[in-house]
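> sequence-free structure coming up:
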């Protein structure tokens, strides 16, 4: 079965002439190599617990920004409350995880205990977050631009206030004793799967419909694209993956507090998307890695972190509004070809130089 | 029902409402003229409070309250003008979302800049007005509250006169109606935009000073919540409309104080945000705003 059957026909895009299966597989191989390298480094203890924690946090940032990219980058809707969906996912997963941890004491078939618990809780998180996405997204269709941004901001704040004030989430003190079942492989492959799904979705017919809404809503409506359907679809997908990102986050730290899901968190995710390039998943990944590692490297300058973030945001908008990658995507085969060309050319010039010597 | 408590709550809501209205005017004026939600406005408000704090505590001579207020308002106005020149001017023709993101960036920048300058710990704001409270029935109303309410009302009246009667006010209205046509009529758009930012920021700073005196604290994130609520007020009344901002400010102040007083102080913010969402959903143009149809 070809990709086209699964995800609709694949048509040209700016960065890709065609999303061929070989491209997907070469990129997957690239991802696998990264996984093997990192996993070996963590298992041999070269990267200690501190670094493996940061790596999982980078993965969370990647999931959050890649998912927000669906709504903001591809659909072109300003969403300033993504941390709200993350919080809903995180708390759902944590509560399910706490309930399941004593019940499930063994793995099932090829699934390990941790993976099993994570899969069930993450599905729960995906469900509640997408329901929230549906509830916010459907009425929000009436709004556009800055108004939508304000509404989602209000939604994020309401989620935070509810989490602070109700009992079963632990209130302002936070939710404690969440089983810390997150391991690097689980986090890595969850992230990789989400990115792959978003990637394939965006290059499908549905993805292009969503892109066309960003480019011109009225024009795409007039060529028969069901705007309502696709806007809701984009919104729900974004919130669903955001919820799963929250689930990874919950099982990593073992502790959740409403304060960590405030407006600042939403803005941090938003900055990653803007900086990476609205509409580029690989841009979001690069920016997520960069912006999560940078403050860790500059630990001593922690008070400058948000100052730096905000300045980057302003400077990006003033001088490179399209972000680091624009709407382009990272493409391993293309870089391999470029590398090959580079070496061939070098060989040629070497030969020429040799020739001139004689 | 306890009548004294009701009077107390009504006066409180007038007090909060005045502050929200002052800040909301800044949002609405800037939006009216360059169609930008100036997220950094709450931070200008915070800086206004810090200016007053610094002037009051670090100068060797003790200045009268009015002078401190006027100097702080002037500094905040300069700050507003500069923020526009640095961050927003270049983006006037860019997509609106870019300018909005810049405004969010500006807001975060100013917040963290203040944290760097003054530290994250709250500072105690001096009690500028020490006159004895006046009594309304059995309720003591502090002079700060009286000043806040009356000064706000006076300033709002002056602003309305300025916008309606003076030449600069007329130019302002012209620019907000049609920028290009205003340019053709020989109006210096840059100057009018700067003037708008200056007035808005000065009023925001005044709101910030009253707010910090009322809670006797200044801290870097002071502007966030009142800023958001003032923005809600501006949207509520119909963004771009000065009268609407005042109406919205008092309404939001009323809703918030009454929720805190009679329902639950924990849920007050959630209720204000719900009001915002409901207003956005059912009348996005606000109570006094005009509906604008989109044309192809």
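On my side now, so go ahead. Keep in mind that this is a model prediction, so the values were computed, not measured.
> how near is residue A:115 to residue B:101?
Going from residue A:115 to residue B:101 by CB to CB, to the nearest Å gives 38 Å. From N, CA and C alone the C-beta is placed, and that goes for glycine too.
> These two: which is more packed in?
Shown here are residue A:115 and residue B:101; by other CB atoms under 10 Å in any protein chain shown, residue B:101 has more neighbours (26 against 18).
> that's a helix at the more buried one, yeah?
Yes. Residue state for residue B:101 (DSSP: H, G, I helix; E, B strand; the rest coil) corresponds to a helix.
> Roughly how far does it sit from chain A?
Between residue B:101 and chain A the distance is 5 Å, computed by CB to the nearest CB, to the nearest Å.
> OK, contacts around that residue?
By CB atoms under 8 Å, 6 or more residues apart in numbering or on different chains, the contact list for residue B:101 reads A:270, A:274, A:313, A:317.
> same for chain B: which of those are within range?
Among those, the residues that sit close to chain B (CB under 8 Å from any CB of the partner chain) are A:270, A:274, A:313, A:317.
> Now do the helix or strand encompassing residue B:276: everything it contacts.
Element membership of residue B:276 [criterion: DSSP states H and E] is helix B:268-282. Applying CB under 8 Å, 6+ apart, the set of residues contacting helix B:268-282 from outside is A:139, A:142-143, A:147, A:150-151, A:154-155, A:157-158, A:161-162, A:165, B:225, B:229, B:232, B:235-236, B:252, B:255-256, B:259-260, B:263, B:286.
> cutoff 6 Å now
The set of residues external to helix B:268-282 that reach it, using CB atoms under 6 Å, 6 or more residues apart in numbering or on different chains, is A:139, A:143, A:147, A:151, A:154, A:157-158, A:161, B:229, B:232, B:236, B:256, B:259-260.
> and those residues, which two are the farthest apart?
By the measure CB to CB, A:143 and B:260 form the most distant pair in the contacts of helix B:268-282, at 28.4 Å.
> Residues of the stretch 201-350 of chain A that sit close to chain B?
A:218, A:274, A:306-307, A:310, A:313-314, A:317-318, A:321 (CB under 6 Å from any CB of the partner chain).
> Of those residues, just the buried ones, ChimeraX syntax please.
Buried members of these, defined by 16 or more other CB atoms under 10 Å in any protein chain shown, are picked up in ChimeraX with:
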select /A:274,306,307,310,313,314,317,318,321
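> and the top helix by length along chain B, average pLDDT?
Counting residues, the longest helix in chain B under DSSP state H turns out to be helix B:3-34. On average, the pLDDT along helix B:3-34 is 90.
> what angle sits between the helix or strand just after it and helix B:3-34?
Toward the C-terminus, helix B:3-34 is succeeded by helix B:41-58 as the next helix or strand (DSSP H and E). Per axes from the mean of the first three to the mean of the last three CA atoms, to 10 degrees, the angle that helix B:41-58 makes with helix B:3-34 is 110 degrees.
> averaged over its residues, what pLDDT does the very next helix or strand once past helix B:41-58 have?
Scanning forward in sequence from helix B:41-58 by DSSP H and E, the next helix or strand is helix B:65-83. Taken as a whole, helix B:65-83 carries a mean pLDDT of 94.
> With stretch B:200-219 instead?
Stretch B:200-219 comes out at a mean pLDDT of 93.
> Just the residues contacting that stretch, thanks.
Contact with stretch B:200-219 is made by B:19, B:22-23, B:25-26, B:29-30, B:41, B:44-46, B:48-50, B:52-53, B:69, B:72-73, B:76-77, B:80, B:122-123, B:125, B:144, B:148, B:226, as judged by CB under 6 Å, 6+ apart.
> Narrow those residues to those that are buried.
Buried among those (16+ other CB under 10 Å): B:19, B:22-23, B:25-26, B:29-30, B:41, B:44-46, B:48-50, B:52-53, B:69, B:72-73, B:76-77, B:80, B:122-123, B:125, B:144, B:148, B:226.
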